[in-house]
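Chemist: one predicted model, sequence on top.
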Amino acid sequence: MSKLAAHDKFLDLSDYGRPLGKLIANSLKNTRFTPIHVTLLFGISGIVGIYCIWSNHYVWAGFFILLKSIIDAADGELARIKNTPSYSGRYLDSIFDIILNFLFFLTICYVSATSLWLTLLSFCCIQLQGTLYNYYYVILRTKSIGGDSTSKIFEYKSPKALPGESQKAVDFLFRIYTMVYGIFDKIIHTLDPEAYKVKTFPNWFMTFLSLYGLGFQLLLIAVLLPLGWIEIIIPFFISYSLLIFVLIGIRRIYIK
């Protein structure tokens, strides 16, 4: 099932890995590979990318960061092709993302000799950016006719396990998910508590918003590294957060 109804689809600048992700998923549809296996693969790609940053192989780091984004798109596609959606896979995917983001930034901090406090601030900024993107996107998906309703706007309690997955695994991963993402969700919900009442978001706004999608964030890092601009990555994502207030302002004033 598509994530969005046809009239709600937009140009997602963070979703450039989707075409290759679909190719990978289609090549695995008749194998024993599960979406969680693919999630583990993108985790490995991210770890290799981190090692490449640490060892100053920035071109290869950029390659594996982009490969991580492509494989990240493949796990969801494989779940749709095999009709095996799971909360375990969704939470594991998100947990891997935040862990890898944290390790990306710590490694960049070490190599570029950037202040640890600035690095932690920048990490929080990139997570808030991604949370705003996910918040509005999940609202759109929830409102979209024929859209994917696996993700919830507000994550208050562990969902009931879907066929083929363990309730204990879902509960365990949900607890970790809420621990690592809860504070960012609360901040964004506080900044725009009425967003869930919106009937839909215009396509141009969602494309603008996709500048905050994880794929686009990683694309920026993958480009800046081989250009030799590793020192500006940390301060860039701090200043990049100013768009949060621009996007929320546009939503609150013009999109009701």
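Modeler: That came through fine.

Chemist: report the rounded mean pLDDT for the helix or strand where residue 121 lies.
Modeler: Under DSSP states H and E, the secondary-structure element containing residue 121 is helix 116-143. With pLDDT averaged residue by residue, helix 116-143 scores 96.

Chemist: that helix packs against which elements?
Modeler: When contacts are defined as 3 or more Cβ pairs under 8 Å, 6 or more residues apart in numbering; DSSP states H and E, helix 116-143 sits against helix 87-112, helix 167-191, helix 203-209, helix 214-224, helix 230-239, helix 242-254. Yep, even glycine has a C-beta here, placed from its N, CA and C like the rest.

Chemist: one more pass at 6 Å, please.
Modeler: helix 87-112, helix 167-191, helix 230-239 (3 or more Cβ pairs under 6 Å, 6 or more residues apart in numbering; DSSP states H and E).

Chemist: for residue 136, find the nearest of those helices.
Modeler: When the helices and strands packed on helix 116-143 are ranked by distance to residue 136, counting by Cβ to Cβ, first place goes to helix 167-191 at 9.2 Å.

Chemist: find me the pLDDT at the most centrally placed residue in the chain, would you?
Modeler: By Cα atoms, centre = their mean, the mean C-alpha position of the chain lies nearest to residue 214, the distance being 4.2 Å. Listed pLDDT for residue 214 reads 97.

Chemist: what separation do you get for it and residue 96?
Modeler: When distance is defined by Cβ to Cβ, to the nearest Å, residue 214 is 11 Å away from residue 96.

Chemist: ok, residue 171 next?
Modeler: As judged by Cβ to Cβ, residue 171 and residue 96 stand 18 Å apart.

Chemist: for residue 78, same thing?
Modeler: Plainly put, residue 78 is 16 Å away from residue 96 if you go by Cβ to Cβ.

Chemist: and those two? Which one has more around it.
Modeler: Neighbour tally, residue 78 and residue 96, criterion other Cβ atoms under 10 Å: the higher count belongs to residue 78, 27 against 18.

Chemist: which residues of the stretch 101-250 of the chain score low on pLDDT?
Modeler: Within the stretch 101-250 of the chain, the ranges that satisfy pLDDT under 70 run 145-150.

Chemist: now with 90?
Modeler: Applying pLDDT under 90 to the stretch 101-250 of the chain flags the ranges 113, 142-157, 162-164.

Chemist: how many other residues sit next to residue 26?
Modeler: Residues contacting residue 26 under the criterion other Cβ under 10 Å number 13.

Chemist: counting contacts, what elements does the host helix or strand of it pack onto?
Modeler: Assigned by DSSP H and E, residue 26 belongs to helix 18-28. On a contact count with 3+ Cβ pairs under 6 Å, 6+ apart, helix 18-28 meets helix 58-81.

Chemist: try it again with 10 Å
Modeler: Using 3 or more Cβ pairs under 10 Å, 6 or more residues apart in numbering; DSSP states H and E, the elements in contact with helix 18-28 are helix 35-54, helix 58-81.

Chemist: put the alpha carbons of the last one into PDB.
Modeler: Output in PDB follows, covering the C-alpha atoms of helix 58-81 (Å, rounded to 0.1, in the frame of the first residue of the first chain):
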ATOM      1  CA  TYR A  58      35.400  11.100   3.400                       C
ATOM      2  CA  VAL A  59      34.400  10.100  -0.100                       C
ATOM      3  CA  TRP A  60      33.800   6.500   1.100                       C
ATOM      4  CA  ALA A  61      32.000   7.900   4.100                       C
ATOM      5  CA  GLY A  62      29.700   9.900   1.900                       C
ATOM      6  CA  PHE A  63      29.100   6.800  -0.200                       C
ATOM      7  CA  PHE A  64      28.100   4.600   2.700                       C
ATOM      8  CA  ILE A  65      25.900   7.300   4.300                       C
ATOM      9  CA  LEU A  66      24.000   7.500   1.000                       C
ATOM     10  CA  LEU A  67      23.900   3.700   0.800                       C
ATOM     11  CA  LYS A  68      22.400   3.700   4.300                       C
ATOM     12  CA  SER A  69      19.600   6.000   3.000                       C
ATOM     13  CA  ILE A  70      18.900   3.700   0.000                       C
ATOM     14  CA  ILE A  71      18.800   0.600   2.200                       C
ATOM     15  CA  ASP A  72      16.600   2.400   4.700                       C
ATOM     16  CA  ALA A  73      14.000   2.900   2.000                       C
ATOM     17  CA  ALA A  74      14.200  -0.800   1.100                       C
ATOM     18  CA  ASP A  75      13.000  -2.200   4.400                       C
ATOM     19  CA  GLY A  76       9.600  -0.500   4.300                       C
ATOM     20  CA  GLU A  77       9.200  -1.300   0.600                       C
ATOM     21  CA  LEU A  78      10.000  -5.000   1.300                       C
ATOM     22  CA  ALA A  79       7.400  -5.000   4.200                       C
ATOM     23  CA  ARG A  80       4.800  -3.600   1.700                       C
ATOM     24  CA  ILE A  81       5.700  -6.100  -1.100                       C
END
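
Chemist: that's all I had, so thanks and see you.
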